[in-house]
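**Q** what's the 3D shape of this:
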Amino acid sequence: MNQDELKQAAAFAALEEIRTFAPGAVIGVGTGSTVNYFIDALAASGIAIRGAVSSSEASAQRLATHGILLVSLDEIGDGLLPVYIDGADEIDPGFSMIKGGGGALTREKIVAAAASRFICICDASKKVAALGRFPLPVEVIPMARVQVGREIVRLTGGVPRWREGFVTDNGNHILDVSGLIINDPCALESDLNQIAGAVTNGLFARRGADVLLVATASGVERSERPG
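**A** Here you go, the predicted model:
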């Protein structure tokens, strides 16, 4: 199976996870190529959801194209989504992740925080022993980009690189930090968030995945967060 086929397999497996919440549920939907397969599969599945909260403008457009109702978090009665489906750029054995390769990390964190259950869909190449091989995105206020970069170097020793020509859905910039080996993702997530001018970072450790669906050449492997 090629990588696109693996992504598609993980997306189809996620349909079975959301059937228990249908009909009538509002679900959270993430961003990225694997999630695009999920959105397409959801639209074709006949599963009756009430609507979806999207983590990006790109996913919102794809959902709307399929006629899936877009719902804001403010419209959710108790403020909680039963389930959130999204991918990852990396995921470690403790189900902490690096996300934000597509630049939607802030909205992804917001929707993930509002979900009772976070289901991560990916292919086996995303599993790592320790996070950091994939550059860690940090969303920053434009006027603070250089200052935040200096603080990141001081704090982590990593190398921040401005993602030139890219602006987030929130009107901000992204610094991609390479050269990291992240042994304590929860601590680093909190430390980076304390930098003035940093909006948030792509570590999803304090709110990691609850369920992992990993597509491999021999099928989709399902596992739950340790402990």
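
**Q** from here on, contacts and neighbour counts on C-alpha atoms
**A** Noted.

**Q** so who does residue 80 touch?
**A** Residues near residue 80 by CA atoms under 8 Å, 6 or more residues apart in numbering: 114-116.

**Q** does the residue lying farthest from the centre of the chain belong to a helix or a strand, and which?
**A** Seen from the C-alpha centroid of the chain, the residue lying at the greatest distance (CA atoms, centre = their mean) is residue 154, 26.7 Å away. Remark: residue 154 resides in helix 145-156, with elements defined by DSSP states H and E.

**Q** and that helix, which residues are buried?
**A** 145, 148-149, 152, 156 (16 or more other CA atoms under 10 Å).

**Q** elements contacting the lengthiest helix in the chain?
**A** Longest among the helix segments of the chain by residue count, using DSSP state H, is helix 3-18. If contacts are counted by 3 or more CA pairs under 8 Å, 6 or more residues apart in numbering; DSSP states H and E, helix 3-18 sits against helix 33-45, strand 118-123, strand 211-216, strand 219-224.

**Q** Outside of that helix itself, list whatever touches it.
**A** 33-35, 37-38, 41-42, 83, 85, 119, 121-123, 213-217, 219-220.

**Q** With stretch 57-64 instead?
**A** Everything outside stretch 57-64 that qualifies as a contact, by CA under 8 Å, 6+ apart, is 29-32, 36, 39, 52, 54, 69-70, 169.

**Q** make it 10 Å
**A** Stretch 57-64 is contacted by residues 29-33, 35-36, 39-40, 42-43, 51-54, 65, 67-71, 102, 104, 107, 168-169 when judged by CA atoms under 10 Å, 6 or more residues apart in numbering.

**Q** List the buried residues for the helix or strand of the chain with the lowest mean pLDDT?
**A** Among the secondary structure pieces of the chain, namely its helices and strands, helix 3-18 has the lowest mean (mean pLDDT, DSSP states H and E), a mean of 91. Taking 16+ other CA under 10 Å as the neighbour-count basis, helix 3-18 is seen to contain the buried residues 3, 5-15, 18.

**Q** thinking residue 83 is in contact with residue 112, fair?
**A** Yes: using CA atoms under 10 Å, residue 83 is in contact with residue 112, at 8.6 Å.

**Q** So those two - more neighbours on which side?
**A** Neighbour totals were compared for residue 83 and residue 112, and residue 112 leads with 27 against 22 (other CA atoms under 10 Å).

**Q** related to what we said a few turns ago, show me what the helix holding residue 154 is packed against.
**A** With contacts taken as 3 or more CA pairs under 10 Å, 6 or more residues apart in numbering; DSSP states H and E, helix 145-156 sits against strand 136-140, strand 159-162, strand 173-178, helix 185-193, strand 198-201.

**Q** C-alpha coordinates for it, PDB please?
**A** Taking only C-alpha atoms (Å, rounded to 0.1, in the frame of the first residue of the first chain), the coordinates of helix 145-156 have been written out as PDB:
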ATOM      1  CA  ARG A 145       8.400  36.800  15.600                       C
ATOM      2  CA  VAL A 146      12.100  37.700  16.100                       C
ATOM      3  CA  GLN A 147      11.700  38.000  19.800                       C
ATOM      4  CA  VAL A 148      10.000  34.700  20.200                       C
ATOM      5  CA  GLY A 149      12.600  33.100  18.000                       C
ATOM      6  CA  ARG A 150      15.400  34.300  20.300                       C
ATOM      7  CA  GLU A 151      13.500  33.000  23.400                       C
ATOM      8  CA  ILE A 152      13.000  29.600  21.700                       C
ATOM      9  CA  VAL A 153      16.800  29.300  21.100                       C
ATOM     10  CA  ARG A 154      17.500  30.300  24.700                       C
ATOM     11  CA  LEU A 155      15.000  27.900  26.100                       C
ATOM     12  CA  THR A 156      15.500  24.900  23.900                       C
END
